[in-house]
Structure formats: C-alpha cells, structure tokens
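J.: Sequence and predicted structure below; questions after.
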Amino acid sequence: HNPNHIIMSTNSLLSIVSIILAVESSIDCDYVSSNAFYYPVGACESDIISSTISSFKYICNDEGTIEKYNYNTFNCDGTASEIITDTTELDIQDYQCGLGVCDYA
C-alpha cells in the first residue's frame with residue numbers, strides 16, 4: 001500500500017464528515033423545512049406562475065409555532081391575503097423558532 005494514498009483517503013473522509021457536520025450544524029436560526037427545502041423564517045419567497053404573482057413567508061408566532069403568510073404580491077408587500085396558523089395544513093417536516101434570524105443575505 002502506498003502510505004500517501006491512505007493519508008489522502010483519510011483526509012478525504014475527514015473532509016466529507018466535516019462538510020456533513022457543517023451543513024447539519026449551520027441551521028442555528030429560525031427556519032422551516034418543507035418538501036426538502038429550507039426557508040429562513042421571515043424571508044419572502046416569490047413566484048410568477050402562468051402570469052400569476054404570489055409570495056409567502058413563514059413567521060414564528062408568540063407561542064413558538066409557525067404561521068404562513070400568503071400574498072398576492074411579488075415581494076410580500078401589503079396585507080397578507082391568507083394566514084395559515086394550523087401547522088398540519090402547512091406540509092412542514094420540521095421547524096425551529098427561538099434561535100433568531102438567519103444570516104441568509
């Protein structure tokens with residue numbers, strides 16, 4: 001065996017483990033996990049589908065649970081057209097409230 005190959009393999013394995021740990025530990029802020037996507041709480045997500053404009057954002061309420069605010073505007077401007085407070089309606093896999101705002105900029 002080539003000792004350099006073993007060192008490179010060990011270093012590669014350590015790099016992969018470090019990346020996995022960094023990704024798992026990097027969510028140290030308020031977030032929502034839904035359908036394999038992670039959304040920072042309070043961040044606006046906008047869509048234009050077939051010329052229909054919509055946007056939404058998740059909010060942590062005073063009870064520490066998630067609410068989803070839907071808008072008929074592009075940048076979550078104005079008053080929400082719908083506020084969903086029942087978490088069973090939201091198709092959420094996981095969420096965190098109480099850690100603070102995510103640094104996603």
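T.: That came through, no problem.
J.: Paired strands for whichever strand or helix holds Ser33, with orientation please.
T.: Using DSSP states H and E, Ser33 sits in strand 31-34. Paired with strand 31-34 in the same sheet, following DSSP bridges, are strand 37-40 (antiparallel), strand 94-96 (antiparallel).
J.: Convert the C-alpha atoms of that strand to CSV, please.
T.: Provided in CSV are the C-alpha atoms of strand 31-34 (Å, rounded to 0.1, in the frame of the first residue of the first chain):
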residue,chain,number,x,y,z
TYR,A,31,-36.2,28.0,9.8
VAL,A,32,-38.9,25.9,8.2
SER,A,33,-38.3,22.6,6.4
SER,A,34,-40.9,21.7,3.8
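J.: can you list the residues that contact it?
T.: With CB atoms under 8 Å, 6 or more residues apart in numbering as the contact definition, strand 31-34 has outside contacts at 38-41, 58, 66, 90-96, 102. All C-beta atoms are positioned from the backbone trio N, CA, C, and that covers glycine.
J.: Select, from those residues, the two members most distant in space.
T.: Asp91 and Cys102 (20.4 Å; CB to CB).
J.: more neighbours, the two?
T.: Ranked by neighbour count (other CB atoms under 10 Å), Asp91 and Cys102 place Cys102 first, with 19 against 9.
J.: pretty sure that one contacts Asp30?
T.: Yes. The criterion here is CB atoms under 8 Å, and Cys102 meets it with Asp30 at 6.6 Å.
J.: Which residue ranges of the chain form helices?
T.: 3-25 (DSSP state H).
J.: picking up where we left off before, ok, which of the strands paired with strand 31-34 comes nearest Glu82?
T.: Nearest of these (CB to CB): strand 37-40, 16.7 Å.
J.: Now do the closest one, average pLDDT.
T.: Strand 37-40 carries an average pLDDT of 88.
J.: if we can go back for a sec, ok, of the contacts of strand 31-34, which come out buried?
T.: If you count burial by 16 or more other CB atoms under 10 Å, the buried members of these come out as 39-41, 58, 66, 90, 92, 95-96, 102.
J.: Let me know the pLDDT of the closest residue in space to Asp94 that isn't next to it in sequence.
T.: Distances taken as CB to CB, 6 or more residues apart in numbering place Ser33 nearest to Asp94, at 4.1 Å, with adjacent residues excluded. We have a pLDDT of 89 for Ser33.
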